[in-house]
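[1] everything below, folded, please.
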Amino acid sequence: MWLSDLRVVLPDEVLERGSLRIENGQIAEIIDGPAPDPTVSAPGLIAIPGLVDLHGDMLERDIQPRPGALFPVALALFELDKRLAGAGVTTAYAAVSFAWKQDDLRSMEKAAEIIDTIHHQRDNLLVDFFVHARFEINNPETGPVLAELLDKGRVHLVSVMDHTPGQGQYSNIDKYVNFMAKWLGVDPNFIEENALVRMKDAIKTAADTPRNWDGVRGVIEVAEAREIPVASHDDDTIEKIDRVADLGVTISEFPVTLIAAEEARRRGMHVIMGAPNAYRGESNTGNLSALEAIKAGLVDILATDYFPAAPLHSAFKLVRDGVLPLHESVKLVSKNPAEAMDLRDRGVIEVGRRADIVLVQEDVHPRVRATLRSGVPVYWDNYMAQLAPTI
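    Reported below is the predicted structural model:
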């Protein structure tokens, strides 16, 4: 199959009028100019590599879109799968949290159920799904469960988290209280002063409690033995980066300060930031701006975080705003995350790679017209149906 008359985004340049030949699920040929006998001629569209997302929280939100309103995991997975394909994502690491001891969406039992569902449904999905297991440092009891899932080959990325307020993402206790009050729809001005004092004291006590780094070390050792990459989440200090880097962590995910991102870069770690943060130019919790970090040359990778469309729109907005050329901005959401996961068969438009390709119509809000995974259309809108009604 020939896709012709496209702007083709290659790793180091953009062909203004190029064509791609796809054969047996791979890119077989790339030429500068129109194809001799095109299957699809799509002038005005841009061909970019299929997007590779390493951190998406959407599945948990689809399972429980409102408190207490639970839907079957498989149903939520199928619906998210369609949205991701329509957003140009061809490889997705679904974030699954092993966070709490109580029986809720982030319990050990629910996390294991979600992972098992992804494993059993992978062959039925439009997008190539992997599992990003999020290990909460203050819940070491989940370590053996995670180790068992790693042994079964059902976890493909591990991140170490510490969401204890009073440090990390929520180092400012007043901001944390206001954030949670807003999240829960409560006016913090109506919370009794004594209750606020007790709450802040409890937060400070939890933040000052020593962490169980032996448990973290054990999880990292299990992952390393199976050549599974490990990330550290919400890094805030040079000391935190150095500690996790010495333990074998290779990715700093969503660093919350510039100095942490700088140290991660110095230690040779990949740095992931949220694409919604990059698009908006600010963190919704008042931490490090992804845009600022990109301009400082500190960011390798952008992730969906909580909004599937954000990577595509962020990549194009960086070009419109003069921050990066198109072939460089696209690497943040394709080549770089693929390399961080050692997925050498995808992430770039190059002969011999998987034909994971997205066709985009550029506008103020770029629009995905088609998504191909291994050369097979998994999203093909009405515009493409008119161009190629028989494909």
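[2] check contacts around residue 225.
    Listed by CB atoms under 8 Å, 6 or more residues apart in numbering, the contact set of residue 225 is empty. For glycine as for every other residue, the C-beta is placed from the backbone atoms N, C-alpha and C.
[3] got phi/psi on it?
    Main-chain dihedrals, residue 225, degrees, to the nearest 10: phi -60, psi -20.
[4] name the SS class of residue 223, please.
    Following DSSP: H, G, I helix; E, B strand; the rest coil, we place residue 223 in the helix state.
[5] count the neighbours of it for me.
    Neighbours of residue 223 under the rule other CB atoms under 10 Å: 24.
[6] hang on, isn't residue 262 packed against residue 297?
    No - Residue 262 is not in contact with residue 297 according to CB atoms under 8 Å; the separation is 9.9 Å.
[7] those two: which has the busier surroundings?
    Between residue 262 and residue 297, counting by other CB under 10 Å, residue 262 is the more crowded of the two (18 against 11).
[8] looks to me like the more buried one is in a helix.
    Yes - according to three-state DSSP, the state of residue 262 is that of a helix.
[9] now it. Nearest residue, chain neighbours left out?
    Nearest-residue entry for residue 262: residue 298, 6.4 Å, with adjacent residues in sequence omitted and distances by CB to CB, 6 or more residues apart in numbering.
[10] all helices for the stretch 1-150 of the chain, in order.
    Using DSSP state H, counting those that start in this stretch, the helices of the stretch 1-150 of the chain run over residues 58-63, 73-86, 108-121, 143-151.
[11] redo these as a markdown table? Include mean pLDDT and mean neighbour count.
    Shown next, in a markdown table, are these (pLDDT from 0 to 100; neighbours: other CB atoms under 10 Å):
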| stretch | mean pLDDT | mean neighbour count |
| --- | --- | --- |
| helix 58-63 | 94 | 19 |
| helix 73-86 | 98 | 19 |
| helix 108-121 | 91 | 18 |
| helix 143-151 | 85 | 17 |
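[12] can I get those in TSV with distance to residue 346?
    Shown next, in TSV, are those (distance: least, CB to CB, whole Å):
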stretch	distance to residue 346
helix 58-63	21
helix 73-86	15
helix 108-121	19
helix 143-151	23
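[13] which stretch among the ones you listed comes nearest residue 274?
    Closest to residue 274 of those is helix 58-63 (CB to CB; 12.6 Å).
[14] just checking, what packs against the closest one?
    helix 73-86, strand 89-98, helix 108-121 (3 or more CB pairs under 8 Å, 6 or more residues apart in numbering; DSSP states H and E).
[15] could you dump stretch 8-19 to PDB, C-alpha only?
    Taking C-alpha atoms only, stretch 8-19 is exported to PDB below (Å, rounded to 0.1, in the frame of the first residue of the first chain):
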ATOM      1  CA  VAL A   8       6.400  13.100   6.100                       C
ATOM      2  CA  VAL A   9       8.000  13.700   9.500                       C
ATOM      3  CA  LEU A  10      11.300  11.700   9.600                       C
ATOM      4  CA  PRO A  11      13.700  11.600  12.600                       C
ATOM      5  CA  ASP A  12      15.900  14.400  11.300                       C
ATOM      6  CA  GLU A  13      13.800  16.300   8.700                       C
ATOM      7  CA  VAL A  14      10.400  16.700   7.100                       C
ATOM      8  CA  LEU A  15       9.700  15.700   3.500                       C
ATOM      9  CA  GLU A  16       7.400  18.400   2.200                       C
ATOM     10  CA  ARG A  17       5.900  16.000  -0.400                       C
ATOM     11  CA  GLY A  18       6.800  12.400   0.400                       C
ATOM     12  CA  SER A  19       5.300   9.000   0.100                       C
END
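[16] now what about that stretch, what contacts it?
    Outside stretch 8-19, the residues that touch it by CB under 8 Å, 6+ apart are 2-7, 20, 30-35, 38, 43, 46-49, 325-327, 330-331, 335, 348-350.
[17] what subset of those is buried?
    2-7, 20, 30-31, 34-35, 38, 46-49, 326-327, 330-331, 335, 348-349 (16 or more other CB atoms under 10 Å).
[18] mind putting the helices and strands packed on helix 58-63 in a markdown table, distance to residue 56 included?
    Formatted as a markdown table, these follow (distance: least, CB to CB, whole Å):
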| stretch | distance to residue 56 |
| --- | --- |
| helix 73-86 | 8 |
| strand 89-98 | 6 |
| helix 108-121 | 12 |
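[19] right, so of these, which gets closest to residue 237?
    strand 89-98 (23.0 Å).
[20] tell me the strands beside the closest one, with direction?
    In the sheet, strand 89-98 lines up against strand 51-56 (parallel), strand 128-136 (parallel) (DSSP bridges).
[21] just these: most buried one?
    strand 51-56 (a mean of 29; mean count of other CB atoms under 10 Å).
[22] hey, C-alpha coordinates of that strand in PDB?
    Only the C-alpha atoms of strand 51-56 are listed here, as PDB (Å, rounded to 0.1, in the frame of the first residue of the first chain):
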ATOM      1  CA  LEU A  51       2.400   8.100  19.400                       C
ATOM      2  CA  VAL A  52       3.900   6.100  22.300                       C
ATOM      3  CA  ASP A  53       2.400   7.000  25.700                       C
ATOM      4  CA  LEU A  54       4.200   5.900  28.900                       C
ATOM      5  CA  HIS A  55       1.800   7.200  31.500                       C
ATOM      6  CA  GLY A  56      -2.000   7.400  31.200                       C
END
